[in-house]
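In: The following block contains a protein sequence and its predicted model.
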Amino acid sequence: MTISRRSVLATSAAGLAVAAAAGGAEAAQAASPTVLITGANRGIGLGFAKDYAAKGWNVIATTRKPEDAQELKKLAAANKKVVVEKLDVTNAADIAALAAKYKGKPIDLLINNAGIVNDFMNPKPQSFGTLDHKMADDFMHTNVLGPLQLTEALYENVKMSEQKKIAAVTSLAGVHGANYGMVPGGYWYKLSKAALNAAMANIATDGKKDGVIVILLSPGQVRVEKIANARISGMIETPEAIGGMTKVLENATLAESGSIIRYNGEKQPF
């Protein structure tokens, strides 16, 4: 069989075109900022993933059980810049594996969102006089120690990025200056969010020398799945909360590092 020189040249040109297209896609992806979001399978975390994907960011969306995260998998299938990773923030091995996989990759924005929320439908275990003390460890490991360990593990990734931002989703229920949400009960949730605020404020102090910005986000009472049917006044929809918080993060400066900022841009005293 004789192969003409023209055929060889055509094949080579086609191969180069494919390689160039692939290289162009990789270059475009590398040029886009990267966000890593914990607890991205639903609620606020999923809202963040959808928003940043729509903005063209590279999105590393983590969840404890990727196989069950149907909405997140649909988002990843429709957008090549979205990657779903397994991460239980209370599991040190998961954190170490994720940090090893992304070692040397800049992460412009780390959003610590995963957490246990206050159960408004069953307040008794978190009410004084009927406290379930066995719940305390779960709240502290999920809402405080996990985010602290993950932030420490990925700090160099953030430090080497262009934007250098770390965020944690908190609540006015854990803020002394807001009288802990001015509602009774919720002891473990309030204690864990107050501890999260302290942890992130200290990271902000340590990170200023590196130009790393740390923001504590207060999303308001967002109508997410777990409290969708709760009778709470002043609830807002997820898009409003996400839109407000992404704007806060976009405009955040080093001078604001360590601040608690509400979704509407208001700063909240500790």
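Out: Good, I have the coordinates. Residues are numbered from 1 along each chain as shown.
In: can you pull out the strands in the stretch 1-150 of the chain?
Out: 34-37, 58-63, 82-86, 109-112 (DSSP state E, counting those that start in this stretch).
In: how about those strands in CSV, adding mean neighbour count, distance to Leu131 and mean pLDDT?
Out: Placement of C-beta: from N, CA and C, glycine included. Formatted as CSV, the strands of the stretch 1-150 of the chain follow (neighbours: other Cβ atoms under 10 Å; distance: least, Cβ to Cβ, whole Å; pLDDT from 0 to 100):
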stretch, mean neighbour count, distance to Leu131, mean pLDDT
strand 34-37, 27, 32, 98
strand 58-63, 26, 30, 98
strand 82-86, 18, 33, 98
strand 109-112, 27, 26, 98
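In: closest one to Val212 among those?
Out: Of all these, strand 109-112 sits nearest to Val212, with 9.8 Å by Cβ to Cβ.
In: who does that closest one pair up with?
Out: Using DSSP bridges, strand 109-112 pairs in its sheet with strand 34-37 (parallel), strand 165-169 (parallel).
In: Now render the strands of the stretch 1-150 of the chain as a markdown table, adding distance to Gln70.
Out: Listed next are the strands of the stretch 1-150 of the chain as a markdown table, based on distance: least, Cβ to Cβ, whole Å:
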| stretch | distance to Gln70 |
| --- | --- |
| strand 34-37 | 17 |
| strand 58-63 | 11 |
| strand 82-86 | 11 |
| strand 109-112 | 21 |
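In: Out of these, which gets nearest to Gly244?
Out: Closest to Gly244 of the strands of the stretch 1-150 of the chain is strand 109-112 (Cβ to Cβ; 14.1 Å).
In: How far off centre is that closest one?
Out: Between the centre of strand 109-112 and the centre of its chain there are 4 Å (Cα atoms, centre = their mean, to the nearest Å).
In: now stretch 239-252
Out: 13 Å.
In: Let me have the strands paired with strand 109-112 in JSON lines, extended by distance to Asn91.
Out: Shown next, in JSON lines, are the strands paired with strand 109-112 (distance: least, Cβ to Cβ, whole Å):
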{"stretch": "strand 34-37", "distance to Asn91": "16"}
{"stretch": "strand 165-169", "distance to Asn91": "19"}
